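Enquirer: sequence? don't have it. structure:
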């Protein structure tokens, strides 16, 4: 980006699904693009749970943002953490004290977890949004078996072998479904003193059935699949307490467990709060029909940070329905925001964001998945194969695709895991 | 390991080259083996510099220690950090407050860096011994280019583009040789504001020539190779100061540089100091001819922790020569200690440790290496191909070998790097 450029400057905050789609959408536009992210890499979030469970290495699901935009000559990438926006002065502030001016702004910073007012649970029950989260989860998961191996007290040993997952959405189900196989097949032969067939996986879901974004027959099928894989599903109960040594449920059940993972709620990235416009209960910015914010047509918010109404093909909102916080929502939102920036640069009216649901998928374990596609419901092996196909295809980089395919083939054939690495915390 | 076993208990501390060789050497022995390590993984140290330079992922050069010993039914593995040895009571103490008794002890804890009395340099100039070190180095190395890209001051930008490596042994040369290619070929197209062809790599070596463990003609050749690859070699000078903004040499030269790596000296793991026997200046335990320590024939020390005399084929020490601190020294030492444990269990006299040098190799960069093998000197492409062959062969796990071969083929053909991941420090 030339310093002396007089072209409009578009700043994109966040290099995930939404931010990268927005940057690519501006490829041929007469603008200068600056992409800011806290990290140097794009993360393929749908496979984070595979890093958390030691199936894939971090580098296999990530890609440098700069390399994604290498050929896009109007795009510059900076590693920076944005802490606030002054929408009147059109200036961003960063954690290292820099200020960055913009003509157009696209915010795509995603979400973190929500503990529904119990933030003290966060260290006890980490969630899964970033690569750092996945590595923390992998660490706890692998360490639990190490502690069980060293333990002489049978009750404590069982608590180390008990894993509680809070939240029965796609992430919770993916984690829960894969854990029994790892414990009972991949790791078991490596341990001498502890019998890993005693491993318990509990999935806690507030609703009557898991995966409630899916049609009920598919969700019921998924729940049976999980139970067949060895997961104990607790429906219709809430977690009322989390302690280092266990979990209490609203049913009164006490579960002694040393490892708890959180997959129950989202909270939008806090930078949306500095825009001075209304946000919803989950901290999402309530956006206009073109994804801009009220009063500032040059500021757009996309992906998990935005509360966008679901619209029909004519652009009218569908009563009470929102664009879901999934990858395709962010990608489509980012692309729409890019088109609207170009329209505004060209003094054309902006277009409304019409989310198109290409289908929902959830994977549960070896040979088990469900898919709700337009006009087609899939379950079992066909759904699982379709899931594999879509996820390999959507990875960035031919080498990542090849590596992931090899890892999966290896894991499928041998039941082994490729990334059983406990980082040395103290170094 | 059965709790009620009456077989002798052999505790091995350290799961690196020496410790794993010792454990495997006890495979069929009538003993119970307990391997203790701070981490859960064996690291193939000769390729650590490739993780530090973003060529390989951590999981590709590591392997779970438990999986290495999966089929060895007399071996148990615990994740524990040993803090001291009471050789009279035959008990180890660990960082978490446990005590572990032994009948025989094999210490193979390796070495850390020595800053020759300037421990304040450690945070400014990290070394390369563990996977944690390699990730810290990768982080600093990749972050330097990110900072240069954001920088508006030309002098500061050049300091971010200047890398100083202290120490011209194999590790220093490997790091120095690979950096110019990464900066000028792999990363350059991804940056917009900074010209990565301005990257400077300086290698500082106290001796008149680098790689002084090699014959002089080979070392001279290696030095010319490094210079051809773009490394500025400073011979016969010492580093007299390291600051966050640069390095001062004994020649008076001031080098403004934001990134300094240390490859200049070793210090044995501190646990050797608790044995109550003499250690040398580098903290190494001075061992007997059978690798046991004076007065305690049941305690053995191997690898970088031991100062062992080099012996000829008849077992007599070679005047003033020591077993070098290299992988093959640790592997052979571990195996010898295991044989001597078995001899003692069987009431046979122990054997002296006769180190056999299978050859030395150092790699400098694309197509450049030197090798000093028994009766054969190699340089250039043949040495480089031989280096590739040996290092892939010695990796643990077929899958790691395949992955590393694929990564190298990809890097060789495209000049790209597979593991450009800056971890998010704050998460």
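Expert: Ah, there it is. Since this is a predicted model, take the numbers as computed values, not measurements.
Enquirer: helix, strand or coil for residue A:76?
Expert: For residue A:76, the secondary structure call by DSSP: H, G, I helix; E, B strand; the rest coil comes out as strand.
Enquirer: so which residues of the stretch 51-200 of chain A form helices?
Expert: Shown for the stretch 51-200 of chain A, the helices assigned by DSSP state H, counting those that start in this stretch span residues A:65-68, A:131-150, A:154-160, A:170-181.
Enquirer: need the distance between the two termini of stretch A:187-198.
Expert: 12 Å (Cα to Cα, to the nearest Å).
Enquirer: for that stretch, the distance to its chain's centre please.
Expert: On the basis of Cα atoms, centre = their mean, to the nearest Å, stretch A:187-198 sits 31 Å off its chain's mean C-alpha point.
Enquirer: the one residue in the stretch 101-250 of chain A that gets nearest to chain B: neighbour count?
Expert: Per Cβ to the nearest Cβ, residue A:132 is where the stretch 101-250 of chain A lies closest to chain B, at 3.4 Å. C-betas here are computed from N, CA, C, even on glycine. Number of residues near residue A:132 (other Cβ atoms under 10 Å in any protein chain shown) recorded here: 17.
Enquirer: and residue A:249, what does it touch?
Expert: Residue A:249 makes contacts with A:204, A:234, A:237-240, A:255, as judged by Cβ atoms under 8 Å, 6 or more residues apart in numbering or on different chains.
Enquirer: top of those by number of neighbours, please.
Expert: Neighbour counts for these were taken using other Cβ under 10 Å; the highest belongs to residue A:204, which has 28 neighbours.
Enquirer: what is the helix or strand containing that one packed up against?
Expert: The secondary structure element spanning residue A:204 is strand A:200-205 (assigned by DSSP states H and E). The contact analysis (3 or more Cβ pairs under 8 Å, 6 or more residues apart in numbering or on different chains; DSSP states H and E) places strand A:200-205 against strand A:162-166, helix A:170-181, strand A:231-235.
Enquirer: and residue A:154, which of these is closest to it?
Expert: strand A:162-166 (12.6 Å; Cβ to Cβ).
Enquirer: tell me the angle of that closest one relative to strand A:200-205?
Expert: Taking axes from the mean of the first three to the mean of the last three Cα atoms, to 10 degrees, one finds strand A:162-166 and strand A:200-205 inclined to each other by 10 degrees.
Enquirer: tell me what strand A:162-166 is packed against?
Expert: Using 3+ Cβ pairs under 8 Å, 6+ apart as the contact definition, the elements that strand A:162-166 packs against are helix A:170-181, strand A:200-205, strand A:254-256, strand A:259-262.
Enquirer: list the pairing partners of it within its sheet, with orientation.
Expert: Here strand A:162-166 is paired, per DSSP bridges, with strand A:200-205 (parallel), strand A:259-262 (parallel).
Enquirer: hmm, who's touching the longest one?
Expert: So that's strand A:200-205. With contacts defined as Cβ under 8 Å, 6+ apart, strand A:200-205 is touched by A:158, A:161-168, A:172-173, A:176, A:179-180, A:183, A:210, A:226, A:230-239, A:247, A:249, A:255, A:257.
Enquirer: which of the residues you listed are buried?
Expert: Applying 16 or more other Cβ atoms under 10 Å in any protein chain shown to those, the neighbour count classes A:158, A:161-168, A:172-173, A:176, A:179-180, A:183, A:210, A:226, A:230-231, A:233-234, A:239, A:247, A:249, A:255, A:257 as buried.
Enquirer: just to revisit the earlier point, ok, the contacts of residue A:249 vs residue A:402, which is closest?
Expert: Looking at the contacts of residue A:249 and their distance to residue A:402, the nearest is residue A:204, at 37.4 Å (Cβ to Cβ).
Enquirer: ok so, going back, okay, the helices of the stretch 51-200 of chain A, which one's buried deepest?
Expert: Mean neighbour count (mean count of other Cβ atoms under 10 Å in any protein chain shown) peaks for helix A:170-181 among the helices of the stretch 51-200 of chain A, with a mean of 25.
Enquirer: quick one: average pLDDT of that one?
Expert: Per-region confidence: helix A:170-181 scores 93 on mean pLDDT.
Enquirer: and what of stretch A:317-328?
Expert: With pLDDT averaged residue by residue, stretch A:317-328 scores 89.
Enquirer: worst mean pLDDT across the helices and strands of chain A, which element?
Expert: helix A:398-414 (a mean of 76; mean pLDDT, DSSP states H and E).
Enquirer: name the residues of that helix that are buried.
Expert: For helix A:398-414, the buried set under the neighbour-count rule, 16+ other Cβ under 10 Å, comprises A:399-401, A:403-404, A:406-408, A:410-411.
Enquirer: restrict the residues you listed to contacts with chain B.
Expert: Contacts with chain B within these, counted by Cβ under 8 Å from any Cβ of the partner chain: A:399, A:403, A:406, A:410.
Enquirer: and residue A:387, what element?
Expert: Here residue A:387 sits within helix A:380-394, counting by DSSP H and E.
Enquirer: specify the angle between that helix and helix A:398-414 in degrees.
Expert: Between the direction of helix A:380-394 and that of helix A:398-414, the angle (the same axes, to 10 degrees) works out to 150 degrees.
Enquirer: can you mark which positions in helix A:380-394 are buried?
Expert: Neighbour counts over helix A:380-394 (16+ other Cβ under 10 Å) mark A:383-384, A:386-388, A:391 as buried.
Enquirer: any chance of those residues in CSV, plus distance to residue A:128 and pLDDT?
Expert: CSV is the format used below for those (distance: Cβ to Cβ, whole Å; pLDDT from 0 to 100):
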residue, distance to residue A:128, pLDDT
A:383, 22, 89
A:384, 21, 88
A:386, 23, 88
A:387, 18, 87
A:388, 20, 86
A:391, 16, 86
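Enquirer: now do the domain split for chain A, please.
Expert: The record, using automatic domain parsing to delimit domains, assigns chain A the ranges A:9-38+A:80-113+A:267-345, A:119-264.
Enquirer: nothing else from me, thank you.
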